[in-house]
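Undergrad: Coordinates only, no sequence provided:
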């Protein structure tokens, strides 16, 4: 079973300096039909103007990942974590018992485009933590690359939930296959370009929930970049 979430149906926040599209309910955008999928709670597709950003604010009990598509995102938080995240890197912040942080466009002249992803942890009250890792972009042109997982395998960021986050980059006609163990689910997010997913056409920004399928089969429709969440 595949349920498609078209890009045009996402919620939107436009504050001038921020243009954000919400796959799931977030902030002032509320849709009871789209509150998340399994432990995946937020996918925000954010574009931030040069020099602008999110001032210091707090979170609790959430696993937060940032994935930059273009530009640089400057992060600072109360754990002492911080740095500039660029394409080819994944950034992780565990909010746990409570953390404050800020996120700013690192450039005064160019916009930044990134995905903000929230996963609900399997345990509340964890100690806050920060991590930032680069990944093999060349390998992503050949197959799926693991960015985050419960056990931190393959050098991925370790998250406190039964979820594995994979990414891949495809050209026209390139194919990727990801088997789903019975009882597991997947969420596909097309970060850039367009793909066919198990025969369904998905454009940029679209998502799809996959359940009761033996595998996920993705075919590139030109250059594309895709995130795949394998969820318990």
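TA: All right, it came through fine. Fair warning: this is a prediction, and the values are worked out from it, not measured in the lab.

Undergrad: quick one: low-confidence parts of the chain?
TA: Across the chain, the ranges flagged by pLDDT under 70 are 101.

Undergrad: Geometric centre of it: which residue is closest?
TA: For the chain, residue 117 is the residue whose C-alpha lies nearest the centre (CA atoms, centre = their mean; 4.3 Å).

Undergrad: That one is in contact with residue 46, isn't it?
TA: No - Residue 117 is beyond contact range of residue 46, at 10.8 Å (criterion: CB atoms under 8 Å). From N, CA and C alone the C-beta is placed, and that goes for glycine too.

Undergrad: follow-up on the earlier one: what is the residue nearest to the centre of the chain paired to in the beta sheet?
TA: Residue 117 forms beta bridges with residue 43, residue 65, as assigned by DSSP bridges.

Undergrad: measure it to residue 148 for me?
TA: According to CB to CB, to the nearest Å, residue 117 and residue 148 sit 9 Å apart.

Undergrad: can you list residues touching both of those two?
TA: 65, 165 (CB atoms under 8 Å, 6 or more residues apart in numbering).

Undergrad: how near is the residue lying closest to residue 89 once chain neighbours are set aside to residue 155?
TA: Once flanking residues are discounted, residue 89 sits nearest to residue 134: 4.9 Å by CB to CB, 6 or more residues apart in numbering. Look at residue 134 and residue 155: by CB to CB, they are 10 Å apart.

Undergrad: can you map out the helices along this protein?
TA: Assigned by DSSP state H, the helices in the chain fall at 137-140.

Undergrad: Identify the residues contacting the nearest residue to residue 44 once chain neighbours are set aside.
TA: Of all residues not flanking residue 44 in the chain, residue 116 sits nearest, at 4.2 Å (CB to CB, 6+ apart). Contacts for residue 116 (CB under 8 Å, 6+ apart) come out as 42, 43, 44, 46, 64, 65, 66.

Undergrad: As a markdown table, those with distance to residue 195 and neighbour count would be great.
TA: Compiled in a markdown table, these are given as follows (distance: CB to CB, whole Å; neighbours: other CB atoms under 10 Å):
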| residue | distance to residue 195 | neighbour count |
| --- | --- | --- |
| 42 | 22 | 20 |
| 43 | 16 | 27 |
| 44 | 21 | 22 |
| 46 | 22 | 22 |
| 64 | 26 | 22 |
| 65 | 21 | 22 |
| 66 | 23 | 20 |
